[in-house]
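Chemist: make a model of this:
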Amino acid sequence: MTIASCIWIGVEYLATDVAVAALRQHRRSRQVFCGRLAVADDLRRAVNEQPSAPRADGLEPEWHDADAGTIIGGGLLSDLLRQRRPVEEVVLVLPPWDAPHHCGAIEALASPLAVSLEVPLEVPLEVPLEVTLDHARGFIERVAIGAAAAKAVMSAPASRGMTILSQPTTAGTALGAGLQALTETWVRIERPRWQQQSLQLNVMQPEAWLSERAETTP
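Modeler: Now for the predicted structure:
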C-alpha cells in the first residue's frame, strides 16, 4: 500500500507547538516539510526529536529547502508534490499579514551609537517601499503557486484538499488588512471549483485546524 503524504509549505512561519501537535495527528501519513530551512532549525530539531514521531516504513519526516514565495521555489514544490503522490493534504502556512520592518533600520537602532544616544527601540519604523512591495508580491505568489501545485496532484478520495493556515495575529496595517481580505475572498470564490473535484479548500487559524483534525483522526 502506497503511503499518502501530508505536505507542509512555508514551515519557516509554522509555530513549533503546532508542528509537533500536527505530527502526532498524522501518524499514518508521510510528513513532508518545505520552506526556508535556514530559519527553521529550532522547528526541525523539535519535530525530529519527538519520541512519537513516525520513524519506520517510510514515515520519517522529510525536509526540503523550497521557498513558495519565489518562482524557483514554486517549481521545486511542484516537482516534489508529483514525486510524493498520493497527497493526502497540503498545508500552506502564511507569513504575518503585515510587512516586516527593514532589518537595517532595526540594527541601526540597536547599534552602540543609538544606545549611547538613548534612542528608544520602540520608535515606530517606516517600512521601506521595496520591503512592502516584496512582501505583497511574495505573499500573493505563495498562495497562487501553492494552490496550483496542490490542485494539480490531488484527487479524491485519497486527497482531503488544501488548508491555508493564517497567523493568529490580526493585520495592523492597511497592506496587511488588504492581504487578509484578498486571501479570504480568494478562498471563498475558489472553493466551489475545488468542491467540484470533491476537495476541500479552507483558510483557518492553527488552533482551529488542530481541533478539527483531532475530531476526525481515529
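Chemist: which residues are contacting the host helix or strand of L92?
Modeler: Assigned by DSSP states H and E, L92 belongs to strand 87-93. For strand 87-93, the surrounding residues in contact (CB atoms under 8 Å, 6 or more residues apart in numbering) are 4-11, 13-14, 22, 26, 29, 35, 68, 81, 142-143, 146-147, 149-150, 153-154, 158-165, 209. (Each C-beta comes from the backbone N, C-alpha and C, glycine too.)
Chemist: please repeat the previous calculation with a cut-off of 6 Å.
Modeler: Residues from elsewhere that reach strand 87-93 (CB atoms under 6 Å, 6 or more residues apart in numbering): 4-10, 13-14, 29, 81, 146, 150, 153-154, 159-160, 162-165.
Chemist: which pLDDT value belongs to the closest residue to P168 other than its chain neighbours?
Modeler: Using CB to CB, 6 or more residues apart in numbering and skipping residues adjacent in sequence, the residue nearest P168 is Q205, 5.5 Å away. On pLDDT, Q205 comes in at 92.
Chemist: distance of Q205 from R137?
Modeler: 24 Å (CB to CB, to the nearest Å).
Chemist: ok so, going back, what distance do you get for the residue nearest to P168 to E60?
Modeler: Counting by CB to CB, the gap from Q205 to E60 is 28 Å.
Chemist: equivalent analysis for A150, please.
Modeler: Here the criterion is CB to CB. By it, A150 lies 22 Å from E60.
Chemist: the helix or strand hosting R142: which residues count as buried?
Modeler: Per DSSP H and E, R142 falls inside helix 129-153. By 16 or more other CB atoms under 10 Å, the buried positions in helix 129-153 come out as 131-132, 135-136, 138-139, 141-143, 145-147, 149-151, 153.
Chemist: so what does the helix or strand just after it touch, helix or strand wise?
Modeler: Remark: after helix 129-153, the chain's next helix or strand is strand 161-165, criterion DSSP H and E. Contact analysis of strand 161-165 by 3 or more CB pairs under 6 Å, 6 or more residues apart in numbering; DSSP states H and E lists strand 87-93, strand 200-204 as its packing neighbours.
Chemist: for the ones you listed, which one ends up most surrounded?
Modeler: Counting by mean count of other CB atoms under 10 Å, strand 87-93 has the highest mean neighbour count of those, with a mean of 24.
Chemist: and that one, which strands flank it?
Modeler: The partner list of strand 87-93 in its sheet, established with DSSP bridges, is strand 5-9 (parallel), strand 161-165 (parallel).
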